[in-house]
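In: Okay, predicted coordinates and the sequence, questions at the end:
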Amino acid sequence: MSGQGAQSAAKKRLYLVGGAMGVGKTAACRALQNLLPRCVFLDADWLWDAKPFTVTGETRAMVLDNIAHCLNNFLSCSAYENIVFCWVLDRPEIWQAVESGLRPHGAQVVRIALTCAPETLAERLGRDIEAGVRAPDVLPRSLRRLPLFEALPGVTLLRTDGLTPRSVARRMAACAT
């Protein structure tokens, strides 16, 4: 690359944000999108919002292909400097599967996992369940996943307890140095 394109590629950042359901990923990523210049936000849930929600080898491969396609398009587009992506990402092999689908774009990849105390998670999800936004089975599933984020290699762990989405977003932005 030369000229403007080379400068854009060197400045690009891809924020990969994981966390259990209810930890605040979407709200924090939206706040990060508003904080960063020339930023696009992609929630992987948008790429696998199906009824019935079916998890098979075929559907997993499809969603990973969807993710790779979207992220690669945003990474190669000169209109965007920052790409923010979130998904549960609770196991190293999922992080690897997402990253292995990326073409080399020269972007800085910032790996972040959001977490919180089980009590905070139960309170947040309880409000969503009460409001009918989430099904009751989300609470035990999310609580089971919460400890998995503590053991992720090469991922910055950020706690969201008592913080606003904007405060979490500022901490996420600070991870890209």
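Out: Perfect, thanks for sending it.

In: can I assume D49 sits in a helix?
Out: No: assessed with DSSP: H, G, I helix; E, B strand; the rest coil, D49 is coil; it does not lie in a helix.

In: Now for it: which residues touch it?
Out: If a contact means Cβ atoms under 8 Å, 6 or more residues apart in numbering, then D49 has no contacts. C-betas here are computed from N, CA, C, even on glycine.

In: How about L158?
Out: Per Cβ under 8 Å, 6+ apart, neighbours of L158: I112, A113, L114, T115, V168, R171, M172, C175.

In: Narrow these to those in strands?
Out: I112, A113, L114, T115 (DSSP state E).

In: now these: which count as buried?
Out: For these, a neighbour count by 16 or more other Cβ atoms under 10 Å gives the buried set as I112, A113, L114, T115.

In: Any idea how many residues pack against the nearest residue to the last one once chain neighbours are set aside?
Out: Which is T115. Take T115 and drop its neighbours on the chain: the residue closest to it by Cβ to Cβ, 6 or more residues apart in numbering is F149, 5.0 Å away. Applying the criterion other Cβ atoms under 10 Å, we find 22 residues in the vicinity of F149.

In: Show residues contacting stretch 34-42.
Out: So stretch 34-42 is contacted by 13, 29-30, 32-33, 67, 70-71, 74, 79-86, 166, 169-170, 173 (Cβ under 8 Å, 6+ apart).

In: Just list what the longest helix seen in the chain packs against, helices and strands only.
Out: Using DSSP state H to assign secondary structure, the helix with the most residues in the chain is helix 57-76. Contacts defined by 3 or more Cβ pairs under 8 Å, 6 or more residues apart in numbering; DSSP states H and E place helix 57-76 against strand 39-43, strand 82-86, helix 92-100.

In: Geometric centre of this protein: which residue is closest?
Out: The centre of the chain sits closest to C86, judged by Cα atoms, centre = their mean, with a distance of 1.6 Å.

In: What residues does it make contact with?
Out: L16, V17, G18, G19, K25, T26, C29, F41, L42, D43, A44.

In: one more time with 6 Å, if that's ok
Out: V17, K25, C29, D43 (Cβ atoms under 6 Å, 6 or more residues apart in numbering).

In: The first one falls within a strand, correct?
Out: Yes: if the criterion is three-state DSSP, then V17 is within a strand.
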